[in-house]
Structure formats: structure tokens, C-alpha cells
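Colleague: Take a look and give me a structure for this.
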Amino acid sequence: MKNILWIMLFGAGCAFAQNDVVVDSSADQINKELSAEIKSQRITKEQAEEMELNRAESYEVVSTVSVDNLEMQIAEKLKDSIMPYYSIEFNDPTSNDESFVATVTEYFGKVE
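Modeller: The predicted structure follows:
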């Protein structure tokens, strides 16, 4: 049922989107569900800079299947991580995108 709703919501957003129009409601949902599954804290890149955190690793996660699949892939990578912080940047999906892409960056504390 959840997958059907995602397809309906995301599919409808893409159907009405024109070129270069961002459809980002899926990203908000991923963030909410990941925060319930992952023990690391999600922050923004700006917060990482303010906190003077060190970047441990950045990687791109891609799904050509669905937003749910992208969420599962991100969660699997972050579940095994020992880094206390992470940030996620999603691509700007437009009506002609055929894949879902996110760049995940993991951070560790300030080294003195």
C-alpha cells in the first residue's frame, strides 16, 4: 500500500512537473524514515562547517527503481557506519529524470 501511494504521489508530481521544476516531497519522506532507523545524527553541510566537523567519507547512492529503494540503500550504508553525523543532498529531480540520486557525506568530531 505504501509503495502504491509513493508511486501515485511521485508519479503525479512528475507528470505535472515541467523541465527544471524540483519535485522534492520524496526527499522529506526519506529524511523522516531514515531518522527513525539510523543512530547517527543527520545534519546539513552548513551545520557541519559551523561545528567544525571533519568529513570522513562521501558517496553517491543511485536507484533506478524507486524512492523507497533509494531509502533502503542509504539506510543500509548508514546502519554500518560508526560516524556520529551525516548529511544527504538529493539531486533535483525533474520530469525527465529516470533515476533517484543522493550524495551522502559522513562526518566525525573536531580534531584538536
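
Colleague: May I have the secondary structure class of Glu52?
Modeller: Using DSSP: H, G, I helix; E, B strand; the rest coil, the structure places Glu52 in coil.

Colleague: Start at 48, not 1
Modeller: Happy to do that; since the first residue is 48 now, the last one works out to Glu99.

Colleague: what about it, neighbour count?
Modeller: Residues within reach of Glu99, counting by other CB atoms under 10 Å, total 10. (Glycine included, C-beta is placed from N, CA and C.)

Colleague: do the same with Asp75
Modeller: Asp75 has 10 neighbours, counted by other CB under 10 Å.

Colleague: now the strands for the chain?
Modeller: Under the criterion DSSP state E, strands of the chain are mapped to 88-89, 101-110, 132-137, 147-155.

Colleague: Mean pLDDT added to those, as a markdown table?
Modeller: A markdown table is the format used below for the strands of the chain (pLDDT from 0 to 100):
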| stretch | mean pLDDT |
| --- | --- |
| strand 88-89 | 91 |
| strand 101-110 | 94 |
| strand 132-137 | 93 |
| strand 147-155 | 94 |
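
Colleague: Which among these is found nearest to Gln120?
Modeller: Distance to Gln120, taken as CB to CB, is lowest for strand 101-110 among the strands of the chain, at 4.9 Å.

Colleague: Next, the angle from that closest one to strand 147-155.
Modeller: If you take axes from the mean of the first three to the mean of the last three CA atoms, to 10 degrees, strand 101-110 sits at 160 degrees to strand 147-155.

Colleague: So which elements touch strand 101-110?
Modeller: helix 114-126, strand 147-155 (3 or more CB pairs under 8 Å, 6 or more residues apart in numbering; DSSP states H and E).
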